[in-house]
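1. no FASTA, just this:
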């Protein structure tokens, strides 16, 4: 077996070992974290929408 193939097998083995150490979230934690992410995205999106609307209004007043 070539050296490259051995390295790839070792790499894949190491990945499997490390993934067994991962503390995976429970179903409830997953839903909670997903809800938090969606809420933060909506708040930031609304903030930038208001900011953009304000800038457009100011620019319209300047142009007229």
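-> Arrived safely. Worth saying up front: this structure is predicted, and the values here are computed from it rather than measured.

2. okay, residue 29: pLDDT?
-> Looking at residue 29, its pLDDT is 97.

3. For it, pull up the helix or strand it's in.
-> Under the criterion DSSP states H and E, the helix or strand holding residue 29 is helix 27-63.

4. Can you give me the buried ones in that helix?
-> Within helix 27-63, no residue is scored as buried using 16 or more other CB atoms under 10 Å. For the C-beta atoms, the positions are set from N, CA and C on the backbone; glycine is no exception.

5. I'd like to know which elements it is packed against.
-> Helices and strands in packing contact with helix 27-63 are not found; criterion 3 or more CB pairs under 8 Å, 6 or more residues apart in numbering; DSSP states H and E.

6. model confidence over stretch 39-47, on average?
-> pLDDT averaged over stretch 39-47 gives 98.

7. just use 29 as the starting number from now, easier for me
-> Shifting the count to begin at 29 puts that one at stretch 67-75.

8. Distance check, the residue nearest to the spatial centre of the chain against residue 58.
-> Compute the mean C-alpha point of the chain, and by CA atoms, centre = their mean the closest residue is residue 65, 8.3 Å away. Applying CB to CB, to the nearest Å, the value for residue 65 to residue 58 is 11 Å.

9. what stretches of this protein score poorly on pLDDT?
-> Within the chain, the ranges that satisfy pLDDT under 70 run 29.

10. Now the helix or strand residue 43 falls within: buried residues?
-> For residue 43, the host element (DSSP H and E) is helix 31-49. Residues of helix 31-49 include none that count as buried (16+ other CB under 10 Å).

11. ok now it, how far from the chain's centre?
-> In terms of CA atoms, centre = their mean, to the nearest Å, the centre of helix 31-49 is set 26 Å apart from its chain centre.

12. Check stretch 49-61 too.
-> On the basis of CA atoms, centre = their mean, stretch 49-61 sits 15 Å off its chain's mean C-alpha point.
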